[in-house]
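Student: This is the structure alone, sequence omitted:
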């Protein structure tokens, strides 16, 4: 297992529905931990890089409706 940690800024503060969606992310194979900071403006995701890639993790997070501020490559 190759553990990778990603840190994301969010485009808005998290709502109660967002916290429910964060809990649902834990059922995704390869995602080990998802934590929101106390202010609800940042998200930390730990995942198994032997199972998922960064793009796949971001895709799963987006499908769950979380407001990531993802920076696209130039």
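Tutor: Yep, it's here. As the structure is a prediction and not an experimental result, all values here were calculated from the model.
Student: Please identify the buried residues of stretch 37-57?
Tutor: 41, 43, 45, 47, 52, 57 (16 or more other CB atoms under 10 Å). For glycine as for every other residue, the C-beta is placed from the backbone atoms N, C-alpha and C.
Student: which residues of the chain fall in strands?
Tutor: Secondary structure of the chain, counting by DSSP state E: strands at 3-9, 31-36, 42-48.
Student: Give me the sheet partners of the first one and which way each runs.
Tutor: If I follow you right, that is strand 3-9. Paired with strand 3-9 in the same sheet, following DSSP bridges, are strand 42-48 (antiparallel).
Student: How far does the strand it pairs with sit from its chain's centre?
Tutor: Chain-centre distance of strand 42-48: 5 Å, with CA atoms, centre = their mean, to the nearest Å.
Student: likewise stretch 35-42?
Tutor: The chain centroid and the centroid of stretch 35-42 are separated by 11 Å under CA atoms, centre = their mean.
Student: low-scoring pLDDT stretches of the protein, where are they?
Tutor: For the chain, the stretches with pLDDT under 70 are 71-74.
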